[in-house]
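Undergrad: Turn this into a model:
(chains A and B)
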Number of protein chains: 2
Amino acid sequence: MSGGGHLKRVRALHQRKFREAEGLFLVQGRKMVQELLASQLEVLELHATEEVSRLLGLTDALIAPAHDLERMGTFAHGNEVVAVVRKPVPSSLRLPSAGRFVLAVDDVSDPGNLGTLLRIADWFGAEQLWCSMESVEVWNPKCVQASMGSLFRVAVVPTDLSSALLKANEGNVHIYKAEASGADVFTVELVRPAVLVMGSESHGLSKGVLDSPGTSIAIPAFGGAESLNVSAAAAALCMEFVRQGR
Amino acid sequence: MSGGGHLKRVRALHQRKFREAEGLFLVQGRKMVQELLASQLEVLELHATEEVSRLLGLTDALIAPAHDLERMGTFAHGNEVVAVVRKPVPSSLRLPSAGRFVLAVDDVSDPGNLGTLLRIADWFGAEQLWCSMESVEVWNPKCVQASMGSLFRVAVVPTDLSSALLKANEGNVHIYKAEASGADVFTVELVRPAVLVMGSESHGLSKGVLDSPGTSIAIPAFGGAESLNVSAAAAALCMEFVRQGR
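TA: Model (predicted):
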């Protein structure tokens, strides 16, 4: 049985400072835990209700009463399985290989957006997700959840984005920056290997990125909306990216 | 000054049943309220802090202390301006006109997703957003917020989606249904006028929609993700839609 000590330690991981001090993070919910167990990540503890433990065949789970799990998890309600997981060794920055691309995000502050961007990067086959040092922490439970398992497949590399773009440019990687004033993407030849850079939700691209080499591209607008949210814009641009790459 | 009576009435509109009984909904936050005031909608009451009222030039605002506004709004914190607005007369279903398209959503249950879909529909120039009767209510504060003003521009039509698709088919409107097992969208000629139908977050398309006429289309996958979230998928498909329509 999971005791009160577990509860306290797990709950501490709701907070970034304890995730950083311990090098641990939480994975929650049936689907995510199943994806976790199929991954290479090291699971330190698995807490589940008796029912979920039986349903998912979690032979190593520490059985906890529903009301304890409710407090261990970060969901508003319905917490039934929570895993304590060791953060993987950070991947180092790697330039995209021939024919491939990397998605880069500049100061994304909403963890749900970052998770959704990871899922998009995974779907469209991006090799890595680069994010500026100011971006939200990828181990935030909301990011983990929104990534729907893509966090276990796509390496997230926190990096100084301007320096990374300079390096990419020197390595003959093409750089495309999403910017409202950019060229209509349908008129631009998108060449790989490439980096596609998305700005933050509210401030767009940072000065360092704007001053970096690269081509500014925009999604043409057909209606009255002032902007798209960052994940919708990323999905739309990745779509054109893969279309041209076929 | 707004008094305690205001507070209670405004707070009631956090709940769907009171929004339905009163035919009212809430619009919150500086940006949304500015978009609201530029729209045709009827604003019954505008509650704001003295500071925001001055900054936005809201001469008709009822000034309320910050702690009252904090309780009037639905944001976790930072509520500073809340408008009570009459719901517009529901738009009736209209088939898309020549060269145009409609976005349709089948049982979307998350209000944030519905709002984001509205913003995407607006950006890409969809004429209406049709949503199945089981979809989440568009006047939900989270949907209003996520729409970022697109709610004031794109008509949302709750409708029996199967019947609407039959009607569209009889009216020689092309129907495209997003489905994992559909044809690679890059190999499909997307012809307008058209309806693009997106399924729900967790269950995809309902049986009634699957049995309706139309072509099933899919976004090709290049990585390991099992799916895209509904708004990322809608943005990607709208992108290809507008590309082919140019």
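Undergrad: What's the mean pLDDT across the helix ranked longest in chain A?
TA: In chain A, taking DSSP state H as the definition, the longest helix is helix A:230-245. On average, the pLDDT along helix A:230-245 is 96.
Undergrad: Centre of the chain to it, how far?
TA: Here the centre of helix A:230-245 is set off from its chain's centre by 16 Å, with CA atoms, centre = their mean, to the nearest Å.
Undergrad: now the angle from it to helix B:230-245?
TA: Relative orientation of helix A:230-245 versus helix B:230-245 (axes from the mean of the first three to the mean of the last three CA atoms, to 10 degrees): 40 degrees.
Undergrad: Against which helices or strands is helix A:230-245 packed?
TA: Applying 3 or more CB pairs under 8 Å, 6 or more residues apart in numbering or on different chains; DSSP states H and E, we find helix A:230-245 packed against strand A:101-105, helix A:111-123, strand A:174-184, strand A:194-198, helix B:111-123, helix B:230-245. All C-beta spots, glycine's among them, are computed from the backbone N, C-alpha and C.
Undergrad: Going by neighbour count, list what's buried in stretch A:32-44.
TA: Within stretch A:32-44, the residues scored as buried using 16 or more other CB atoms under 10 Å in any protein chain shown are A:32, A:33, A:34, A:35, A:36, A:37, A:39, A:41.
Undergrad: Check whether the first one sits in a helix, strand or coil.
TA: This points to residue A:32. Here residue A:32 takes the helix state, with states given by DSSP: H, G, I helix; E, B strand; the rest coil.
Undergrad: and the gap between it and chain B?
TA: Residue A:32 sits 12 Å away from chain B, going by CB to the nearest CB, to the nearest Å.
Undergrad: I'd say that residue and residue A:143 touch.
TA: No - if you go by CB atoms under 8 Å, residue A:32 and residue A:143 don't touch, sitting 11.8 Å apart.
Undergrad: Chain A against chain B: which residues are in contact?
TA: By the rule CB under 8 Å from any CB of the partner chain, the part of chain A lying against chain B is A:116, A:119-126, A:146, A:148-150, A:153-154, A:186, A:219-229, A:231-240, A:242-243, A:246.
Undergrad: who's in contact with the residue lying closest to residue A:178 once chain neighbours are set aside?
TA: Take residue A:178 and drop its neighbours on the chain: the residue closest to it by CB to CB, 6 or more residues apart in numbering or on different chains is residue A:198, 5.1 Å away. By CB atoms under 8 Å, 6 or more residues apart in numbering or on different chains, residue A:198 lies in contact with A:103, A:104, A:105, A:106, A:108, A:117, A:178, A:230, A:233, A:234, A:237.
Undergrad: Neighbour-wise, give me the winner out of these.
TA: Counting neighbours by other CB atoms under 10 Å in any protein chain shown, the top entry in those is residue A:117, with 32 neighbours.
Undergrad: ok, now which ones touch that one?
TA: For residue A:117, the contacting residues are A:103, A:105, A:108, A:129, A:198, A:230, A:231, A:234, by CB under 8 Å, 6+ apart.
Undergrad: which of those residues lies closest to residue B:70?
TA: residue A:108 (27.1 Å; CB to CB).
Undergrad: Which of the residues in stretch A:6-16 are classified as buried?
TA: If you call a residue buried by 16+ other CB under 10 Å, then stretch A:6-16 has these buried ones: A:6, A:7, A:9, A:10, A:11, A:13.
Undergrad: could the residues you listed be laid out in TSV, adding pLDDT?
TA: TSV is the format used below for the buried residues of stretch A:6-16 (pLDDT from 0 to 100):
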residue	pLDDT
A:6	87
A:7	91
A:9	93
A:10	96
A:11	96
A:13	97
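Undergrad: Take the residues you listed and write them to JSON lines, including secondary structure.
TA: Below are those laid out as JSON lines (three-state DSSP):
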{"residue": "A:6", "secondary structure": "helix"}
{"residue": "A:7", "secondary structure": "helix"}
{"residue": "A:9", "secondary structure": "helix"}
{"residue": "A:10", "secondary structure": "helix"}
{"residue": "A:11", "secondary structure": "helix"}
{"residue": "A:13", "secondary structure": "coil"}
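Undergrad: thinking again about what came up before, and the buried residues of stretch A:32-44, which two are furthest apart?
TA: Longest span within these, CB to CB: A:34 and A:41, 12.7 Å.
Undergrad: Run a quick neighbour tally on the closest residue to residue A:241 other than its chain neighbours.
TA: Sequence neighbours aside, residue A:190 is the residue nearest to residue A:241 in space, at 5.5 Å (criterion: CB to CB, 6+ apart). Counted with other CB under 10 Å, the neighbours of residue A:190 add up to 19.
Undergrad: And what about residue A:190, helix, strand or coil?
TA: Residue A:190 - assigned by three-state DSSP - is coil.
Undergrad: Show the contacting residues for it.
TA: Residue A:190 touches A:174, A:176, A:217, A:240, A:241, A:244, A:245, counting by CB under 8 Å, 6+ apart.
Undergrad: With residue A:167 instead?
TA: Residue A:167 touches A:93, A:95, counting by CB under 8 Å, 6+ apart.
Undergrad: how about a cut-off of 7 Å?
TA: By CB atoms under 7 Å, 6 or more residues apart in numbering or on different chains, the contact set of residue A:167 is empty.
Undergrad: Show me what the residue nearest to residue A:178 is bridged to.
TA: Counting by DSSP bridges, residue A:198 is bridged to residue A:105.
Undergrad: Check which residues of stretch A:95-104 are buried.
TA: A:95, A:96, A:100, A:101, A:102, A:103, A:104.
Undergrad: and residue A:53, that one's in a helix?
TA: Yes - assessed by three-state DSSP, residue A:53 belongs to a helix.
Undergrad: tell me, how many neighbours does the residue lying closest to it once chain neighbours are set aside end up with?
TA: Spatial nearest neighbour of residue A:53, excluding adjacent residues (CB to CB, 6+ apart): residue A:61 at 4.3 Å. As a burial measure, residue A:61 scores 22 neighbours (other CB under 10 Å).
Undergrad: what do you get for residue A:45?
TA: When neighbours are defined as other CB under 10 Å, residue A:45 has 17 of them.
Undergrad: Residue A:204 too?
TA: The number of residues packed near residue A:204 is 19, by other CB under 10 Å.
Undergrad: Could you measure from it over to residue A:210?
TA: Using CB to CB, to the nearest Å, residue A:204 is found at 8 Å from residue A:210.
Undergrad: What subset of the residues of chain A next to chain B is buried?
TA: Burial by neighbour count, 16+ other CB under 10 Å: within these this picks out A:116, A:119-126, A:146, A:148-150, A:153-154, A:219-223, A:225, A:227-229, A:231-240, A:242-243.
Undergrad: Could you chop chain A up by domain?
TA: With automatic domain parsing as the criterion, the domains of chain A are listed as A:4-86, A:101-245.
Undergrad: Could you identify the helix or strand that succeeds whichever strand or helix holds residue A:21?
TA: For residue A:21, the host element (DSSP states H and E) is helix A:16-22. The element immediately downstream of helix A:16-22 (helix or strand, assigned by DSSP H and E) is strand A:24-28.
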